[in-house]
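Asker: what's the 3D shape of this:
(2 chains)
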Amino acid sequence: MNLEPPRGMRDFFPEDMIIRNWIFDIWRKCAERSAFQQYDVCVVENRELFIRKAGEEVVDQIYAFEDKSNRELALRPEMTPSLARLIISKGRALPLPAKWFGIFQCFRYERTVRGRKREHYQWNLDIVGEKEVSAEAEVLRTCLSSIEAFGLSSDIVKVRIGSRQLLQELLEKLSFNQNHFMDACMVLDKKGKVSDDVLKDLLVEKDVSTEDIDKLFKVLEINSIEDAEKIVGDSSTALNDIIRLLTLMDASGFKDYFVFDVAVIRGLAYYTGIVFEAFDVKGRHRAIFGGGRYDKLLESLGGESQPCVGLGFGDVVIYELLKDENLLPVEKSSVDLMIAYMDESSELLAVKAASLCRKNGINVSLGLQSQKPKKIFTNANKIGSKFVFLIGSKEAELNSGNLKDLNSGDQEVILVTDLSQKVKESLEKQ
RNA sequence: GCGGGUGUAGCUCAGUUGGUUAGAGCGUCUGAUUGUGGUUCAGAAGGUCGUGGGUUCGAUCCCCACCACUCGCCCCA
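Answerer: Modelled structure (predicted):
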């Protein structure tokens, strides 16, 4: 019997959950601070929801199965189709713009490598119904607030920002053969991953003319917004959107994160405007988060057309980055107080004390059997409890116990009825 | 999908040029201390040597396949 989880799947032991909850809490708090509303969707979807959008190629990567009534189902590989489904089904009853978020487990059957498993949790932020670039700005500033909450900064993380629309304009201005636009996108996406000679070979294979290849490389040389402006002019909406977005990010205090990169393309399938991808500066990891504008997706699924902006932020890469940067939190216990007793005759008093404290909002670990003090204190240390309330036969006779502060070592005998008040006061002081 | 590396106690790793009872540190448990933890000391438990097959008198060690992890490609985001 193999007791390991299937390939690419993870288990979370209690000590792992401390870290996972810490990450999820930061995501949730940042989303709520920016007034995003949480939603949730079923993990299992009708398979066709993904096939329609993703096309034939990705079908093999979907965990798909038939139920006992021969329904074709799938574990979701990503959230955007499910979000679109909800938005469409809500119809006009949904006040726009809608700012929604969630943390979702997604599945993909693919080769596992560092930073990429067959299952991961993903924080999704989406704004539906806002065509202005202010939507991109809101999503990004919310996301970057989490980056800073993790303890990261623009010294470690950069966001490459590009625009598919701008790329198209650039190539149009250079009279690039638009029939090869998709080929150009594919090649641009490989910039930096393979040598320029290989890029050229790839383009030749696609029957791109020598002239067009030169044009494409001219676009690749664009390193700044000014360079782009020289080609598309100052009236380009695509370029002005990027400029405006950067202005908004500057006003939000996040300017230093952004790097203009004409070669950022991302999902060719449904991104229509600005796209972005965050990477660690040292280049050790895969993309930390990524997203962009997808104005055509809803209508492609049969819904009313709505402008949308969204991003996905996975838990696997950020975990590895935080580990590398030594920013993961030290395991911190949530237990405030351990209540234990030395004689069976004191059990009911201990139970009563625990119930009172729990009603008053104190996290209590109650001993499940009578134990020797040595064992009690050892256990209290292990679970990280801040206080121990120890009831012996002498104290029990007076409805009291011995309250010990494990940090200072101070202890005093107090009444069970005074326990919760006493502990609360001490916790507030810390 | 292709190629390299790794797999020995719960964890990090030694080791065996193929030979009886496979080791250490950390962790766990017990005791010193039968009403007081973190330190110290003593002791104990814990191993199909990743799985299966082959070669051999004998395999944890050599060979093959598979599984898992990992690095680099391919593909993809």
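
Asker: make sure residue A:260 is actually in contact with residue A:159.
Answerer: No - using CB atoms under 8 Å, residue A:260 is not in contact with residue A:159; the gap is 10.2 Å. In this view, the C-beta of every residue, glycine as well, is placed from N, C-alpha and C.

Asker: state the distance from residue A:406 to residue A:386.
Answerer: Residue A:406 sits 6 Å away from residue A:386, going by CB to CB, to the nearest Å.

Asker: what does residue A:244 give?
Answerer: Residue A:244 is 50 Å from residue A:386, by CB to CB.

Asker: which one of the two is surrounded by more residues?
Answerer: Neighbour totals were compared for residue A:244 and residue A:386, and residue A:386 leads with 19 against 16 (other CB atoms under 10 Å).

Asker: which residues does the more buried one contact?
Answerer: A:335, A:336, A:337, A:405, A:406, A:407, A:427, A:430 (CB atoms under 8 Å, 6 or more residues apart in numbering).

Asker: for PyMOL, what selects the buried ones among those?
Answerer: A single PyMOL command selects the buried members of the contacts of residue A:386 (16 or more other CB atoms under 10 Å):
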select buried, chain A and resi 336+337+406
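
Asker: can you narrow the contacts of residue A:386 down to the ones near RNA strand B?
Answerer: Contacts with RNA strand B are made by A:406, A:407 out of the contacts of residue A:386, judged by CB under 7 Å from any atom of the strand.

Asker: give me the subset of the contacts of residue A:386 that lies in strands.
Answerer: Of the contacts of residue A:386, the ones assigned to strands by DSSP state E are A:337, A:405.

Asker: pick the one among the contacts of residue A:386 closest to RNA strand B.
Answerer: residue A:406 (3.3 Å; CB to the nearest atom of the strand).

Asker: was I right to think that closest one contacts residue A:383?
Answerer: No - with contacts defined as CB under 8 Å, residue A:406 does not count as touching residue A:383, sitting 10.8 Å away.

Asker: whichever strand or helix holds residue A:171 close to RNA strand B?
Answerer: Counting by DSSP states H and E, the element that carries residue A:171 is helix A:164-173. No - Helix A:164-173 lies out of reach of RNA strand B by CB under 7 Å from any atom of the strand, never closer than 12.1 Å.

Asker: next, count neighbours for whatever residue of the stretch 51-200 of chain A ends up closest to RNA strand B.
Answerer: Nearest residue of the stretch 51-200 of chain A to RNA strand B: residue A:114, at 2.8 Å (CB to the nearest atom of the strand). When neighbours are counted by other CB under 10 Å, residue A:114 registers 11.

Asker: then residue A:326?
Answerer: Residues near residue A:326, counting by other CB under 10 Å: 7.

Asker: any idea whether it is helix, strand or coil?
Answerer: Using DSSP: H, G, I helix; E, B strand; the rest coil, the structure places residue A:326 in coil.

Asker: now the strands for the stretch 251-400 of chain A?
Answerer: In the stretch 251-400 of chain A, the strands defined using DSSP state E, counting those that start in this stretch lie at A:258-260, A:274-280, A:289-293, A:308-314, A:337-341, A:364-366, A:387-391, A:400-405.

Asker: looking at these, which one is packed in the most?
Answerer: Counting by mean count of other CB atoms under 10 Å, strand A:337-341 has the highest mean neighbour count of those, with a mean of 28.

Asker: now the helices for the stretch 301-430 of chain A?
Answerer: A:315-324, A:347-359, A:373-383, A:393-397, A:416-429 (DSSP state H, counting those that start in this stretch).

Asker: give me the domain ranges for chain A.
Answerer: A:14-324, A:337-423 (automatic domain parsing).

Asker: I'd like those domains as TSV, with mean pLDDT appended.
Answerer: Shown next, in TSV, are those (pLDDT from 0 to 100):
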stretch	mean pLDDT
domain A:14-324	86
domain A:337-423	93
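
Asker: who in the stretch 301-430 of chain A is up against RNA strand B?
Answerer: A:342, A:372-375, A:377-378, A:380-382, A:390, A:392-395, A:402, A:404, A:406-407, A:409, A:411.

Asker: just the buried subset of those residues, please.
Answerer: A:342, A:377, A:380, A:390, A:392, A:395, A:402, A:404, A:406.

Asker: where do the helices of the stretch 151-300 of chain A begin and end?
Answerer: Under DSSP H, counting those that start in this stretch, the stretch 151-300 of chain A gives helices at A:164-173, A:181-189, A:196-205, A:210-220, A:225-232, A:237-251, A:297-300.

Asker: hmm, the shortest one in reach of RNA strand B?
Answerer: Looking back up the chat, that one is helix A:297-300. No - using CB under 7 Å from any atom of the strand, helix A:297-300 stays clear of RNA strand B, with a minimum separation of 12.6 Å.

Asker: which residues touch the residue nearest to residue A:229 when sequence neighbours are not counted?
Answerer: Counting by CB to CB, 6 or more residues apart in numbering, residue A:239 is the residue found nearest to residue A:229 once chain neighbours are left out, at 6.1 Å. Applying CB under 8 Å, 6+ apart, we find residue A:239 in contact with A:163, A:166, A:169, A:225, A:228, A:229, A:232.

Asker: a markdown table for these, including distance to residue A:16 and neighbour count?
Answerer: Putting those into a markdown table (distance: CB to CB, whole Å; neighbours: other CB atoms under 10 Å) gives the following:
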| residue | distance to residue A:16 | neighbour count |
| --- | --- | --- |
| A:163 | 39 | 29 |
| A:166 | 42 | 27 |
| A:169 | 47 | 19 |
| A:225 | 43 | 16 |
| A:228 | 45 | 24 |
| A:229 | 49 | 16 |
| A:232 | 49 | 18 |
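
Asker: for residue A:44, state which of these is nearest.
Answerer: residue A:163 (35.4 Å; CB to CB).

Asker: ok, the closest one touching residue A:242?
Answerer: Yes - the pair residue A:163 and residue A:242 passes the contact test of CB under 8 Å, sitting 5.8 Å apart.
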